[in-house]
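> Below is the sequence, then the predicted model.
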Amino acid sequence: MLPLHFFANPSFTLANTALALMTFTLFGLVFMLTQYFQSVLDYEPFIAGIVQLPVAIAVMILSVMSAKIAHRFGTKRTVAAGAFLAGVALLYTRFIVDANTPYSLIFIGQVVFASGLGLMISPSTSSVMQSVPVRKSGIGSAMNDATRQVGGALGVAVMGSILNAIYRENLTQLLDTLPQPPEALRETLLRSIQGAHMVASQLPDHAQAIIEVSKAAFVTGMQQALLIAAIVMFVAAILTLLFLPDHPKRLLEISDKQLRDQGDGTMVPNIQMRSMRGPSDNLSAGARLTLMNREILRLNPLPAGIRVISGCVWVSWKGKDIVLTKGQEIKLSRGGDIPVVSAECRMALTFDILEKKIASAA
């Protein structure tokens with residue numbers, strides 16, 4: 001199961017959000033362009049597929065380059081720039097697309113849009129995978145894939161619904177200027193642009209007029225859907241720029257094996273931590289503090305020592321990373337401060353500040 005506390009880490013949550021919004025616009029755009037090329041510009045299905053290859057090629061090239069770009073400028077700036085670039089491309093396409101737009105203009109929008117996606121994919125995925133504990137990387141990968149699938153499904157559903165609703169509304173108005181077809185054929189006309197082509201083949205006297213009004217209605221719906229997609233990408237750019245960390249922070253996790261083998265106070269590998277609380281003030285002898293799972297407290301001023309009452313605690317002190325479990329204690333020397341963090345455990349960590357003052361640690 002997915003641990004819900006993963007979402008407390010902005011490196012995990014914001015990167016997944018960016019990926020979901022990215023696939024929202026990508027799948028929605030591909031859904032519309034496929035119909036646009038075939039039913040509006042009258043391309044053959046094979047050609048309609050070929051002219052969308054620039055999107056895949058540009059994504060591939062920029063995805064390879066994005067790792068170096070993110071290393072130089074930071075994850076948040078790279079992802080935000082990619083989202084902004086994609087938003088600009090969608091807005092550009094919204095204003096140039098019509099029933100007779102030359103492919104050369106659409107090609108520009110495709111390449112710029114795909115370049116933006118290429119800048120987003122690799123850094124966002126890296127942020128997701130680096131933010132989860134190593135032994136939970138499978139969950140991180142599954143969540144990364146799930147957000148893309150959900151975003152893509154919503155993109156097709158939402159943008160397709162917007163397109164179809166506006167298509168029906170506009171086509172209804174345009175049909176009022178033409179001789180009215182039978183009711184069954186009228187409903188087929190309103191259902192989709194492909195249905196309009198079918199009806200046109202059955203009414204040769206009005207075929208050209210039906211095709212023209214259906215193309216005009218489809219393009220109007222597509223323009224509005226593209227505007228929504230552009231807004232979505234601009235929102236993604238703002239969110240990532242404001243909240244996505246430049247350097248992913250891995251959630252703390254101390255494995256059960258580490259606690260069994262190293263719960264006697266021996267050194268354990270350095271572990272990156274999730275959040276910071278403190279510094280603590282006015283710690284008196286005998287004070288009892290409680291930390292929730294993976295919460296960090298920086299002890300300052302330094303107490304004489306701490307004793308673990310329940311749960312397990314990770315202490316970083318004098319270059320050592322030490323795990324203590326229930327009933328164990330550590331004595332500390334004066335000077336400086338230490339971070340203390342609760343490890344993954346089923347209960348809150350509670351520890352006592354030792355009353356006896358120790359001049360130096362053993």
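Nice, thanks for sending it over.
> Next, the buried residues of the strand or helix carrying L239.
Taking DSSP states H and E as the definition, one finds L239 inside helix 207-243. Applying a neighbour-count criterion of 16 or more other C-beta atoms under 10 Å, the buried positions in helix 207-243 are 209-211, 213-230, 232-234, 236-237, 239-241. Every residue, glycine included, has its C-beta placed from N, CA and C.
> same thing with stretch 26-36?
Neighbour-count burial for stretch 26-36, counted by 16+ other C-beta under 10 Å, picks out L26, F27, G28, L29, F31, M32, L33, Q35, Y36.
> And stretch 121-139, by the same measure?
Neighbour counts over stretch 121-139 (16+ other C-beta under 10 Å) mark 121-133, 136 as buried.
> List the contacts of that stretch.
By C-beta atoms under 8 Å, 6 or more residues apart in numbering, the surrounding residues in contact with stretch 121-139 are 2-3, 6, 9, 11-12, 14-16, 18-19, 22, 59, 63-64, 66-67, 70, 75, 78-79, 140-141, 143-144, 244-245, 248-253, 255.
> buried subset of the residues you listed?
Using 16+ other C-beta under 10 Å as the burial test, the contacts of stretch 121-139 include 6, 9, 11-12, 14-16, 18-19, 22, 59, 63, 66, 70, 75, 78-79, 140, 143-144, 244-245, 248-253 as buried.
> In helices, which of those residues fall?
11-12, 14-16, 18-19, 22, 59, 63, 66, 70, 75, 78-79, 140, 143-144 (DSSP state H).
> D42 is in what secondary structure piece?
With DSSP H and E as the test, D42 turns up in no helix or strand.
> and the gap between it and M233?
According to C-beta to C-beta, to the nearest Å, D42 stands 29 Å off from M233.
> now do L19
Summarising the geometry, the distance separating L19 from M233, computed by C-beta to C-beta, is 12 Å.
> and what of L241?
Following C-beta to C-beta, the distance that separates L241 from M233 is 12 Å.
> How is this protein partitioned into domains?
4-243, 256-353 (automatic domain parsing).
> Can you pull the phi/psi pair for A99?
Note on A99: its backbone torsions stand at phi -70, psi -10 [degrees, to the nearest 10].
> show me what contacts it?
A99 is in contact with V40, E212, K215, A216, V219, counting by C-beta under 8 Å, 6+ apart.
> Next: L85.
V112, F113, S115, G116, L119.
> quick one on the thing from earlier: for P54, state which of the buried residues of stretch 26-36 is nearest.
Within those, proximity to P54 (C-beta to C-beta) peaks at L33, which comes in at 11.2 Å.
> follow-up on the earlier one: for the helix holding L239, which helices and strands make contact with it?
Helix 207-243 makes packing contacts with helix 10-35, helix 75-96, helix 137-175, helix 193-202 when contacts are defined by 3 or more C-beta pairs under 8 Å, 6 or more residues apart in numbering; DSSP states H and E.
> so which of those comes closest to I108?
Closest approach to I108 among the helices and strands packed on helix 207-243 is made by helix 75-96 (7.3 Å; C-beta to C-beta).
> average pLDDT across that closest one?
If you average the pLDDT over helix 75-96, you get 96.
> what do you get for stretch 102-109?
Confidence over stretch 102-109, taken as the mean pLDDT, stands at 96.
> do stretch 121-137 as well
If you average the pLDDT over stretch 121-137, you get 86.
> Can you show me the CA trace of it as PDB?
Presented in PDB, the C-alpha positions along stretch 121-137 are these (Å, rounded to 0.1, in the frame of the first residue of the first chain):
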ATOM      1  CA  ILE A 121       9.800  14.300 -17.600                       C
ATOM      2  CA  SER A 122      13.300  13.300 -16.500                       C
ATOM      3  CA  PRO A 123      13.700  15.800 -13.600                       C
ATOM      4  CA  SER A 124      10.200  15.100 -12.300                       C
ATOM      5  CA  THR A 125      10.700  11.400 -12.400                       C
ATOM      6  CA  SER A 126      14.100  11.700 -10.700                       C
ATOM      7  CA  SER A 127      12.500  13.900  -8.000                       C
ATOM      8  CA  VAL A 128       9.800  11.200  -7.300                       C
ATOM      9  CA  MET A 129      12.300   8.300  -7.100                       C
ATOM     10  CA  GLN A 130      14.800  10.200  -5.000                       C
ATOM     11  CA  SER A 131      12.200  11.300  -2.500                       C
ATOM     12  CA  VAL A 132      11.100   7.800  -1.300                       C
ATOM     13  CA  PRO A 133      13.100   5.400   0.900                       C
ATOM     14  CA  VAL A 134      15.300   3.100  -1.200                       C
ATOM     15  CA  ARG A 135      13.400  -0.100  -0.200                       C
ATOM     16  CA  LYS A 136      10.100   1.600  -1.200                       C
ATOM     17  CA  SER A 137      11.400   2.600  -4.600                       C
END
